[in-house]
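A.B. asks: Sequence first, predicted model second:
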Amino acid sequence: MSHLSTSSPETESFISQSNKTTVIPINDSNNSIIISDEKFERLLDRINNSNEITKSQIANPGALGLAGFALTTFILSVFNAGEYLINIKLEPVVLPVALFYGGLAQLLAGMWEFKLNNIFGATAFTSYGAFWMSFAGYVHIILPKLKHIANIKKATGLFLLAWFIFTL
């Protein structure tokens, strides 16, 4: 028969009753087990993290975030260049792209970056996703309520100035 006895405050040992020799020393300090002077930290890490999604199970969302920002910025820039490049009456096509691809897709990419513990990517994509969503809302909801062109220019300038400062 075997029984468990304490040989030190930090270490417990299995002792064989017949010859009183230590069979397996066990040290449970620092989340590791020492068996015959070998640490099995990897085993404990695997057990502790078995229910978590690892980084390798999530694809890199950076490509989606960059693509959403680039395409939406390009489309808006074409319309900002004026009627020499495109018919201005087609400008409403910017809003759905800004709301869903520039906004929602980047916001999701930012959330996935948080899951990967990439704080810079998470902050950038989430912020610019929110920018595009708020820009679409601003153009669709706020601008029609402003009566004078001077007010529209000031409001738009303030909105874009705040994001310019954030970008710096």
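C.D. replies: That came through fine. Numbers count the residues shown, from 1 in each chain.

A.B. asks: Quickly note the distance from residue 164 to residue 131.
C.D. replies: Here the criterion is Cβ to Cβ, to the nearest Å. By it, residue 164 lies 11 Å from residue 131. No exception for glycine: its C-beta is placed from N, CA and C like everyone else's.

A.B. asks: Got the domain ranges for the protein?
C.D. replies: Taking automatic domain parsing as the domain assignment, the record places the domains of the chain at 2-48, 55-167.

A.B. asks: Worst mean pLDDT among the ones you listed?
C.D. replies: Lowest mean pLDDT within the domains of the chain: domain 2-48, at a mean of 54.

A.B. asks: where do the helices sit along the protein?
C.D. replies: 41-48, 62-80, 94-96, 106-115, 119-137, 149-167 (DSSP state H).

A.B. asks: And the shortest one, what's buried?
C.D. replies: For helix 94-96, a neighbour-count test (16 or more other Cβ atoms under 10 Å) marks 94-95 as buried.

A.B. asks: other SSEs contacting that helix?
C.D. replies: Here helix 94-96 touches helix 62-80, going by 3 or more Cβ pairs under 8 Å, 6 or more residues apart in numbering; DSSP states H and E.
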